[in-house]
Structure formats: structure tokens, C-alpha cells
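Novice: give me a model of this one.
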Amino acid sequence: MSTPLPGARYVLVRRTGLSPDAFAERTGLHPDLARRLVALGLLDAHRDAGGEMSFEPSEVAHAARIQRLRTGLGLNYSAIGLVLDLLDRIEELEAASRRRRTPSWTPAD
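Specialist: From the prediction side, this is the model:
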């Protein structure tokens with residue numbers, strides 16, 4: 001039976017976040033641009049205990065959406081933030097509308 005070394009750390013949960021480099025590789029964004037988009041509030045990231053930035057895998061889709069708005073419509077980053085907020089609000093309203101149209105009961109046979 002071995003004794004743990006003083007100060008040894010054991011990983012109990014696997015990290016699901018992507019490092020800035022891995023995120024950049026998946027999205028085609030430069031890591032500095034990804035950090036800037038986080039600072040602007042367009043992407044979400046968290047920091048681990050060591051202070052390293054980490055992105056959730058779902059942020060890859062958000063980055064793609066930002067890139068489409070930037071290249072397709074030529075929007076600046078401030079405008080992209082506004083458009084993303086409006087698109088999210090439209091999505092919420094459409095979901096609420098679908099819930100109102102869907103009957104909450106089914107007729108008995």
C-alpha cells in the first residue's frame with residue numbers, strides 16, 4: 001500500500017471545459033480574439049482554480065453564430081451583442097407562443 005505524497009492532488013471529476021487553444025482550434029478564432037469576446041460579454045468562459053480560462057463546449061456554437069453575424073452582415077461587436085440579445089428574446093417569445101398553442105390535455109378516446 002502506497003502513501004500519498006504531501007500536497008498530492010487527485011482529480012475526481014473530469015474537466016469538460018476547453019482551453020483557449022482548444023477552443024481556438026475548434027472555432028477558427030485566435031485565442032486572443034476569444035478572450036476579447038469574453039471581455040465584451042459575447043462569449044462565456046470560467047476560470048479554474050489555477051486561474052486558467054476554460055470554455056464550455058456549447059460556446060463553440062455561440063462563436064460560430066458570432067462569426068456568421070460578423071462576416072455575413074458586417075456587424076461590429078457592439079451590434080452583434082444587441083442582435084444576439086434580440087435573437088434570444090425572439091426565441092423565448094416563439095417558445096411561449098408554441099406552449100400557448102399546444103393543448104395541455106388530450107381528448108379521451
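
Novice: buried ones in stretch 51-68?
Specialist: Within stretch 51-68, the residues that qualify as buried are 53-55, 59-60, 62-63, 66, counting by 16 or more other CB atoms under 10 Å. Placement of C-beta: from N, CA and C, glycine included.

Novice: what helices and strands are in contact with the one helix or strand in the chain whose mean pLDDT sits lowest?
Specialist: The weakest-scoring helix or strand in the chain, judged by mean pLDDT, DSSP states H and E, is strand 46-47 (a mean of 89). Packed against strand 46-47 by the contact rule (3 or more CB pairs under 8 Å, 6 or more residues apart in numbering; DSSP states H and E) you find strand 53-54.

Novice: avg pLDDT for the strand it packs on?
Specialist: In this model, strand 53-54 carries a mean pLDDT of 91.

Novice: show residues contacting the helix or strand that that strand is followed by.
Specialist: Downstream of strand 53-54, the first helix or strand assigned by DSSP states H and E is helix 59-73. Here helix 59-73 makes contact (CB atoms under 8 Å, 6 or more residues apart in numbering) with 18, 23, 26-29, 34, 37, 42-45, 75, 77, 80, 83-84.

Novice: what does stretch 79-99 give?
Specialist: Applying CB under 8 Å, 6+ apart, the external contacts of stretch 79-99 come out as 40-42, 65-66, 69-70, 73, 75.

Novice: tabulate the CA atom coordinates of stretch 50-63 in CSV.
Specialist: Provided in CSV are the C-alpha atoms of stretch 50-63 (Å, rounded to 0.1, in the frame of the first residue of the first chain):
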residue,chain,number,x,y,z
GLY,A,50,-5.4,27.9,-11.3
GLY,A,51,-6.8,30.9,-13.0
GLU,A,52,-6.9,29.3,-16.4
MET,A,53,-9.7,30.3,-18.7
SER,A,54,-12.0,27.5,-19.9
PHE,A,55,-14.9,27.4,-22.4
GLU,A,56,-17.9,25.1,-22.3
PRO,A,57,-18.3,23.1,-25.5
SER,A,58,-21.6,24.8,-26.2
GLU,A,59,-19.7,28.1,-26.6
VAL,A,60,-18.4,26.7,-30.0
ALA,A,61,-21.9,27.2,-31.4
HIS,A,62,-22.1,30.7,-30.0
ALA,A,63,-18.7,31.6,-31.5
